[in-house]
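K.L.:
next input, structure requested:
(one chain, ligands or ions: 1)
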Amino acid sequence: MSKIVVIGGGTMGAGIAFVAAAAGFDVDLVEPDFAAQERAKKRIAKDAERASAPDAPARVQYYSQLQPGEALAAIEAVPERLELKREIFAQMVKAFDANTLLATNTSSLAVSDIADGLPNPERVLGLHFFNPPAAMKLVEIVQGEQTAQEAIERAREVVLRLGKTPVLAADTPGFIVNRIARPYYLQAMRAYQAGIAPIEDLDRLARGAGFRMGPFELMDLIGMDVNLATTQSVYERTDEDRFEPVAVQQEMVAQGRLGRKSGAGFYDYARGVVPHDDGVPQPAAEVNRDERVVIIGFAGLAQEMFERLQRAYADVQLWEDEDTIGEIPDDATIVFDVGDGASDRGAVVEALDARLAPEAVIFVDAYASDLRTMAKRLAHPERIVGYGILSALEHQRVVEIVDADETSDDALEVAQDLFESIGCGVVLVEDAAGLFLGRTIGSIVNEAVYAVQEEIASPQDIDLAMCLGTNYPRGPIAWGQEIGGDRVRRILTRLAAEDGAAFAPSRALWVLDVQPGDDQQQNDNLADVKLGW
Ligand code: NAD
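P.N.:
All right, here's what the predicted structure looks like:
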């Protein structure tokens, strides 16, 4: 059997029909609207041209009604209305025998609701393609309450034969990708509402951390209305405060500021899409001989800073033993404190403040430390620079620096020079728990850990899905392991204290710190996390 039937020939249906035809299947495309059928033909011809698959269009037959017969799978891609989908499935059950897989491409409805009451519901499942299907590699296979394991295995084979990468998701709101991606948008908008920095700067920070597009330019591309509808659907179905829509987006949708398609969203498109300049500074050509630099910390970022700063500054020391901070040269002019990433550095900074000359600048990890409380206890709070580096500079081209009320312009200038001298861009942000990257990336990691804990998908499938479905530079579980569960917890605990319990860290974050080496054990631990409570 080498036939695939696609029902609905719109954006997704036409794309899926092309994918199946290009993979060598015969395709029946069912589309009752004549104009839509003509559009589908054009789309398929265009996809075939782009993919150099000239034979694909001839494999697609067009029908205005479902034709009974044999098929490997029938994939429904009609508009997102439960009653309509149920009606289509009732027809599908009649048209095909019990061996045909019956799949829905729904993004926001429950597969189980669509399957409810049908004969042989064990062969009904979700095959969630991403837009545009020809280009997007990922397909989420959604297992409804009644879907048989055998149907899942067959669906996996079909997806592989289509040249796509399958991941398995539970029948939960947003499945994997649309759920775990929510914090990227929601936390970014909350950061914007809190006035952390202008959108251009926040997008630049996100791109600097490896995202292909910043959250604001991406929302403008997706369409503010489409993005809000997904959030609303996930929020309404989960009733989790974490997914609550943000006022700024609701207002923009009400005003018709929908993004690129309406000419304006977060950005204005009157003159088209303005290209951004993401160039990072060239590392300093001349070695700085004026400063005496001490880095406090052990391995990881401390080592990386040490190596980079040695190329830019003549006098750099790595101070690995925190117990001897009282012996740090008191003529140091720059002290870069890395710390353990998970605890407040107030006491260490207080000791440094007492020891160093007032002109010396002290860099503090702003994700872990509460700068405002710290500043109150210091004789010279003006020399404190809060910085945000999540894990390694290797993965972060732009560093966020806190523009705190107390911090002097001179200290900020030293910070700018220091990072630029090692080839990093700098963005100034207001002081707020998690700053921008800690808040957004920390929340994505948190959501991914919740998803494992709630058995929505395996850690491996989550990482695969987010890399392929949203182009994330790293899967959120791997990213969380790199940042460290303790550090993510620290960031989110501070965020929750400031912004509300909805951002509370998952109790399962500790799993990210289970030592690798035994990958299987780590994954077992992640998968077993639910057993902890
Ligand atoms: P669309 O509006 O572009 O296409 C739907 C098509 O279904 C239309 O051409 C319409 O004429 C046709 N249709 C209506 N009633 C029909 C019937 N009784 N039988 C056959 N065809 C019928 O919508 P879309 O964007 O392609 O979305 C389709 C499905 O895919 C929805 O469930 C949506 O949630 C899901 N989805 C959409 C995207 C996306 O980005 N657009 C991504 C993933 C999943």
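
K.L.:
and the residue of the stretch 301-450 of the chain found nearest the ligand, what element?
P.N.:
Closest to the ligand within the stretch 301-450 of the chain is E447: 19.6 Å, counting by C-beta to the nearest ligand atom. (Glycine included, C-beta is placed from N, CA and C.) Under the criterion of DSSP states H and E, E447 resides in helix 437-453.

K.L.:
which non-adjacent residue is nearest the residue of the stretch 301-450 of the chain closest to the ligand?
P.N.:
Leaving aside its sequence neighbours, E447 sits nearest to I180 (C-beta to C-beta, 6 or more residues apart in numbering; 4.8 Å).

K.L.:
give me the mean pLDDT for the helix or strand hosting G13.
P.N.:
If you go by DSSP H and E, G13 is part of helix 11-22. Averaging pLDDT along helix 11-22 gives 98.

K.L.:
just the buried positions in it, please.
P.N.:
M12, G13, A14, G15, I16, A17, F18, V19, A20, A21, A22 (16 or more other C-beta atoms under 10 Å).

K.L.:
kindly report the same for stretch 456-474.
P.N.:
456-470, 472, 474.

K.L.:
okay, and which of these map to helices?
P.N.:
Those of the buried residues of stretch 456-474 mapping onto helices are P459, Q460, D461, I462, D463, L464, A465, M466, C467, L468, G469, T470, per DSSP state H.

K.L.:
from the ligand, how far off is the second one?
P.N.:
Applying C-beta to the nearest ligand atom, to the nearest Å, the value for Q460 to the ligand is 22 Å.

K.L.:
and what of the third one?
P.N.:
Plainly put, D461 is 18 Å away from the ligand if you go by C-beta to the nearest ligand atom.

K.L.:
chain neighbours aside, what residue packs nearest to that residue?
P.N.:
Nearest non-adjacent residue to D461 (C-beta to C-beta, 6+ apart): V167, at 3.9 Å.

K.L.:
with the last one instead?
P.N.:
Counting by C-beta to C-beta, 6+ apart, T470 lies nearest to A181, which is 5.2 Å off, once chain neighbours are set aside.

K.L.:
try the fifth one
P.N.:
Counting by C-beta to C-beta, 6+ apart, D463 lies nearest to G475, which is 2.2 Å off, once chain neighbours are set aside.

K.L.:
three-state assignment of the closest residue to S64 other than its chain neighbours?
P.N.:
Spatial nearest neighbour of S64, excluding adjacent residues (C-beta to C-beta, 6+ apart): P32 at 4.8 Å. Following DSSP: H, G, I helix; E, B strand; the rest coil, P32 is assigned to coil.

K.L.:
show me the strands in the stretch 1-150 of the chain, by range?
P.N.:
Counting by DSSP state E, counting those that start in this stretch, the stretch 1-150 of the chain has these strands, from start to end: 3-7, 26-30, 60-63, 73-76, 101-104, 124-129, 138-143.

K.L.:
pLDDT weak spots in the chain?
P.N.:
1, 515-533 (pLDDT under 70).

K.L.:
ok, now with 50
P.N.:
For the chain, the stretches with pLDDT under 50 are 530-533.
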